[in-house]
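Novice: Below: sequence and its predicted model.
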Amino acid sequence: MEAKEITETIGGILQTSVYTLTFSDEELKEFYLRQAAFVEPLSCAHPHNELEALKTLRNKLKKLCEYLLKVIEHNWDDMAKTLQTVSGAYPAQNNISRKEHLRMNESLSEIWELLILLSGNRSEIGKLYNHFNRHYMNVKRLVEREQQDAAQEPATR
């Protein structure tokens, strides 16, 4: 592992320092093989090779990134407007019991809380996406390297 300090000056005014860590492929491989055991414990219950464990982790990370990206990109404001329109029409009907009204209001409250949470925390969800996407890209690169190494082994024999 190697630590580097990167200093940037923007427009001659603002100076920021960022510390980055760089890891060797072997260090990354060891880390991600451990992560694979945490993410998919059943994959370690039967004999498998390291490449299969890394592929499993890669697939899990890819699905997680796809999900987070959908949450980030979804237009929650339009959904809130639609929900408000629909929820205004349904309670206006006279044939709805008071009990049904209360149950509907509780459900709507939960949905509104979720919408507010998701729309207000897009930047935090974006940070999560960036974090997991970085891991996904690392594992993807390791898998590609392992596959290249495996393809070259028979040629060297």
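Specialist: Nice, thanks for sending it over.
Novice: Pull out the buried residues from the longest helix anywhere in the chain.
Specialist: Within the chain, and with DSSP state H defining each element, the longest helix by residue count is helix 122-156. Judged by neighbour count using 16 or more other C-beta atoms under 10 Å, the buried positions of helix 122-156 are Y129, F132, N133, H135, Y136, N138, V139, K140, L142, V143, E146. Quick note: C-beta positions are derived from backbone N, CA and C, even for glycine.
Novice: Compile the residues you listed into JSON lines and extend it with columns for pLDDT and distance to R103.
Specialist: Output for the buried residues of helix 122-156, formatted as JSON lines (pLDDT from 0 to 100; distance: C-beta to C-beta, whole Å):
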{"residue": "Y129", "pLDDT": "90", "distance to R103": "35"}
{"residue": "F132", "pLDDT": "92", "distance to R103": "37"}
{"residue": "N133", "pLDDT": "92", "distance to R103": "40"}
{"residue": "H135", "pLDDT": "93", "distance to R103": "42"}
{"residue": "Y136", "pLDDT": "94", "distance to R103": "41"}
{"residue": "N138", "pLDDT": "93", "distance to R103": "47"}
{"residue": "V139", "pLDDT": "94", "distance to R103": "45"}
{"residue": "K140", "pLDDT": "95", "distance to R103": "46"}
{"residue": "L142", "pLDDT": "94", "distance to R103": "51"}
{"residue": "V143", "pLDDT": "94", "distance to R103": "49"}
{"residue": "E146", "pLDDT": "91", "distance to R103": "54"}
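Novice: measure the spatially most central residue of the chain to A80 for me?
Specialist: Nearest to the geometric centre of the chain sits C65, at 3.6 Å (C-alpha atoms, centre = their mean). Distance, C65 to A80, by C-beta to C-beta, to the nearest Å: 25 Å.
Novice: Which SSE is immediately downstream of whichever strand or helix holds T56?
Specialist: Per DSSP states H and E, T56 falls inside helix 50-73. Following helix 50-73 in sequence order, the next helix or strand is helix 76-89 (DSSP H and E).
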